[in-house]
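A.B. asks: Build me a model from this:
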Amino acid sequence: MLDMEWPDAWRGSFRIELRAEAISLAERGWPILPGTVPTDEGAHPEPLHADWQERLGAHPRQVAAWFTGKPCSLLVATGTMVDALEVGDELGRRAASLLRVTGHPAPIVAMPNGRWLFLTASGGALHSALAGHTDVTWHGEGSYVPLPPTPYEQGVVHWRVKPAIWGWRLPAAATVHEVLVRALLGEHADAPVATEGQPLEDQPATAPSVA
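C.D. replies: Below is the predicted model of the structure:
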């Protein structure tokens, strides 16, 4: 495991940092969960508790206890407050650039396996261009994603764009979905996207993928 190669002082500091981040997010109402620490290159963190969905909304004191005394990853449950679109590196970079150009920033997480997570407010529908693309996974109700500084075998999950940069406000899902569609189409300017005859928000939602 990655952190087992670190000196004891580094491991201790890392776990303190992860615990502090978990408490801070829980205090802001984020549905935080402790997860497993992946030990194989292709592995992903999973909730430590089988009844994790019943533990959502735990008090920050309980969250602090979960992250005390043992290695954990930091997960956020999706579908109640926050959703996430997971994409590959190339699409992630194009979409992040478009978000900057169009003035629609969003919290963005980069994972050491080359995947990117674009965080949004929960709700809305998924454009068919995204739903049908093999490089896109929607994490909504019943799913979860890792947050920094979760360790992987290859490295550590980190923020590309921190939520604090724009006041911890999660963007509407439709706004980020539209920009990702533009990135898929190779656009580099704020041009309208066809929404198949109806507003993006009103399109039938594709069921989100469970992590």
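A.B. asks: make it CA atoms for all contacts and neighbour counts henceforth
C.D. replies: Will do.
A.B. asks: so where's the longest helix in this structure?
C.D. replies: Of all segments of type helix in the chain, defined using DSSP state H, the longest is helix 8-27.
A.B. asks: After that one, which helix or strand is next?
C.D. replies: Later in the chain than helix 8-27, the nearest helix or strand by DSSP states H and E is strand 32-35.
A.B. asks: OK, contacts around R160?
C.D. replies: Counting by Cα atoms under 8 Å, 6 or more residues apart in numbering, R160 touches P107, I108, V109, A110.
A.B. asks: Pipe these into a markdown table and attach neighbour count per row.
C.D. replies: Below are the contacts of R160 laid out as a markdown table (neighbours: other Cα atoms under 10 Å):
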| residue | neighbour count |
| --- | --- |
| P107 | 22 |
| I108 | 22 |
| V109 | 24 |
| A110 | 24 |
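A.B. asks: So which of those residues is the closest to H49?
C.D. replies: Of all these, H49 sits closest to V109, with 23.7 Å by Cα to Cα.
A.B. asks: and the helix or strand hosting that closest one, what does it pack onto?
C.D. replies: Using DSSP H and E, V109 falls within strand 108-110. For strand 108-110, the elements it packs on are strand 116-121, strand 158-161, judged by 3 or more Cα pairs under 8 Å, 6 or more residues apart in numbering; DSSP states H and E.
A.B. asks: what bits of the chain have low per-residue confidence?
C.D. replies: 1-12, 187-211 (pLDDT under 70).
A.B. asks: At which residues are the helices of the protein located?
C.D. replies: 8-27, 60-66, 89-102, 128-131, 173-184.
A.B. asks: Quickly compare these and say which is most buried.
C.D. replies: helix 173-184 (a mean of 22; mean count of other Cα atoms under 10 Å).
A.B. asks: Check which helices and strands it sits against.
C.D. replies: If contacts are counted by 3+ Cα pairs under 8 Å, 6+ apart, helix 173-184 sits against helix 89-102, strand 116-121, helix 128-131.
A.B. asks: Let me have those in TSV, adding distance to E41 as columns.
C.D. replies: Converted to TSV, those look like this (distance: least, Cα to Cα, whole Å):
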stretch	distance to E41
helix 89-102	17
strand 116-121	17
helix 128-131	27
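A.B. asks: Select, out of these, the one closest to W52.
C.D. replies: Per Cα to Cα, nearest to W52 of these: strand 116-121, 20.4 Å.
A.B. asks: Against which helices or strands is that closest one packed?
C.D. replies: Secondary elements touching strand 116-121 (3+ Cα pairs under 8 Å, 6+ apart): strand 82-87, helix 89-102, strand 108-110, helix 173-184.
A.B. asks: again, 10 Å this time
C.D. replies: Applying 3 or more Cα pairs under 10 Å, 6 or more residues apart in numbering; DSSP states H and E, we find strand 116-121 packed against strand 73-78, strand 82-87, helix 89-102, strand 108-110, strand 136-139, strand 143-146, strand 158-161, helix 173-184.
A.B. asks: got JSON lines for the ones you listed, with distance to T39 too?
C.D. replies: Formatted as JSON lines, the helices and strands packed on strand 116-121 follow (distance: least, Cα to Cα, whole Å):
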{"stretch": "strand 73-78", "distance to T39": "12"}
{"stretch": "strand 82-87", "distance to T39": "21"}
{"stretch": "helix 89-102", "distance to T39": "22"}
{"stretch": "strand 108-110", "distance to T39": "19"}
{"stretch": "strand 136-139", "distance to T39": "23"}
{"stretch": "strand 143-146", "distance to T39": "15"}
{"stretch": "strand 158-161", "distance to T39": "18"}
{"stretch": "helix 173-184", "distance to T39": "31"}
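A.B. asks: Appreciated, that's everything.
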